[in-house]
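Participant: model the following, please.
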Amino acid sequence: MTRRTRRSLLRGLGTVGAGAVGLSAVGGATTRPGPEPVVLVHGYGDTGETPWWDVARGYFRDVGYPDDAIHVLNLGAIPGTTVDSPEEYATAVQAALESVSDEHGSAVDVVAHSMGGLDTRWCVEKLDGAQYVDDLVTLGTPHQGTYAAYLGSLTPGGRDMRPGSEFLTALNDGQLAEGVAYAALWSSADELIVPSRFAALPDPELSSVASARNRNTGLQEHVQLVFDRAVFDQYAPLLD
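Facilitator: Presented below is the predicted three-dimensional model:
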């Protein structure tokens, strides 16, 4: 984690503290946008127990989500070990979505970071996970791959995230899932998505459904996309 990211994380933790006593960020989202529960999906090498996900939970609480409507998926217990193929993790994502949907009796919103967005897209587009999902927001997901993934070429996940990989070619087949509202958020300063615009949904996927959009968030680092309040305030209204 860079010095800039550590400073941003500390600011985020401070905002959560304010939210806990009912003080939302100035100019930020203040009300829960929709009734669906939310599932948060981490990415490559991460787990649901790293501190930035606690910050994200705090933002959801701040805008009115009760604790039982915030579900953080954990695909592995040890940071650095969650490096398998998104195709493999998609099965676990689907099981979680089905469970949360059954528990709440409703569709589910998903916010997925990094490779977690690929896990979720495979779930909703290649399995039958679309039936459980209302809105899907991805944060810094390499929808078109990332050349930084060559550094992880010894792992299945790293190989699948390389531009032009067999996995991405199969995923980006020109059609997103009908009935799911997609929003791909990407940062111009994302050091792990190279080039950064590869975190945007490609065409013709983007135009295959009416409810898909790309949005540039500004100048956040890769992990910062999870805990930056300004980013949360951009996507929270989309979870309607």
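Participant: tell me who's in contact with A92.
Facilitator: Taking CB atoms under 8 Å, 6 or more residues apart in numbering as the definition of contact, the neighbours of A92 are 73, 75, 119. Yep, even glycine has a C-beta here, placed from its N, CA and C like the rest.
Participant: show me where pLDDT drops low in the chain?
Facilitator: Along the chain, the parts satisfying pLDDT under 70 run over 1-29.
Participant: buried set for stretch 181-198?
Facilitator: 181-187, 190, 192-194, 196, 198 (16 or more other CB atoms under 10 Å).
Participant: span of that stretch from start to end?
Facilitator: Criterion CA to CA, to the nearest Å; first-to-last residue distance in stretch 181-198 is 19 Å.
Participant: coming back round to it: of the buried residues of stretch 181-198, closest to L151?
Facilitator: Closest to L151 out of the buried residues of stretch 181-198 is L192 (9.3 Å), distances taken as CB to CB.
Participant: the closest one touches G140, doesn't it?
Facilitator: Yes: with contacts counted by CB atoms under 8 Å, L192 reaches G140, the gap being 7.2 Å.
Participant: could you name every residue contacting both of those two?
Facilitator: Listed contacts common to L192 and G140 are 114, 222; contacts here mean CB under 8 Å, 6+ apart.
Participant: about what we covered before: among the contacts of A92, which are in strands?
Facilitator: Secondary-structure check on the contacts of A92 using DSSP state E: residues within strands are L73.
Participant: farthest pair in the buried residues of stretch 181-198?
Facilitator: The span of the buried residues of stretch 181-198, defined through CB to CB, is set by A181 and V194 at 27.7 Å.
Participant: rewinding a little: out of the contacts of A92, who's nearest V111?
Facilitator: Of all these, V111 sits closest to L73, with 10.4 Å by CB to CB.
Participant: show me what contacts the closest one?
Facilitator: 39-42, 48, 92-93, 96, 116.
Participant: residue boundaries of the strands in the protein?
Facilitator: Taking DSSP E as the criterion, the chain contains strands spanning 38-41, 70-73, 108-113, 133-139, 181-187, 212-218.
Participant: right, and these - which one's nearest W53?
Facilitator: strand 70-73 (5.3 Å).
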